[in-house]
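Colleague: sequence unknown, structure follows:
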């Protein structure tokens, strides 16, 4: 075999996320401010019951371990 193999970075199956929203975020998003969750247990976006009149503007912030 010619050439060398370059190792790829290890990708973990689960990682931490937090929900980021602006000042118009709904009560559910504000309640989760600063909380890190496993990606598997984080709520889907838009959060069910979001009350933001402009629609959900939340995003996930991904965190490395």
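Modeller: Alright, I've got the coordinates. Computed from a predicted structure; not experimentally measured. Numbers count the residues shown, from 1 in each chain.
Colleague: okay, CA-based contacts and neighbour counts for the rest of this
Modeller: Fine.
Colleague: Ramachandran coordinates for residue 30?
Modeller: Note on residue 30: backbone dihedrals following degrees, to the nearest 10 are phi -60, psi -40.
Colleague: swap that for residue 63, sorry
Modeller: Taking degrees, to the nearest 10, you get phi -120, psi 140 for the backbone angles of residue 63.
Colleague: My guess is it contacts residue 17. True?
Modeller: Yes. Using C-alpha atoms under 8 Å, residue 63 makes contact with residue 17 at a distance of 5.7 Å.
Colleague: quick one, which of the two is more surrounded?
Modeller: residue 17 (21 against 13; other C-alpha atoms under 10 Å).
Colleague: Quickly run through the sheet partners of the host helix or strand of the more buried one, with directions.
Modeller: Secondary-structure assignment from DSSP states H and E places residue 17 in strand 16-20. Each strand that strand 16-20 pairs with, and the sense of that pairing, follows from DSSP bridges: strand 37-38 (antiparallel), strand 59-63 (antiparallel).
Colleague: Looking at those, which is nearest to residue 25?
Modeller: strand 59-63 (10.6 Å; C-alpha to C-alpha).
Colleague: how far does the closest one sit from the chain's center?
Modeller: On the basis of C-alpha atoms, centre = their mean, to the nearest Å, strand 59-63 is displaced by 3 Å from the centre of the chain it belongs to.
Colleague: Check what contacts that strand and list those residues.
Modeller: Outside strand 59-63, the residues within contact range by C-alpha atoms under 8 Å, 6 or more residues apart in numbering are 15, 16, 17, 18, 19, 20, 21, 45.
Colleague: if we go to 10 Å?
Modeller: Defining contact as C-alpha atoms under 10 Å, 6 or more residues apart in numbering, one finds that strand 59-63 is touched by 15-22, 29, 36-39, 42, 44-46.
Colleague: Now the buried members of these.
Modeller: When the contacts of strand 59-63 are checked for burial by 16 or more other C-alpha atoms under 10 Å, the buried set is 16, 17, 18, 19, 20, 21, 29, 36, 37, 39, 42.
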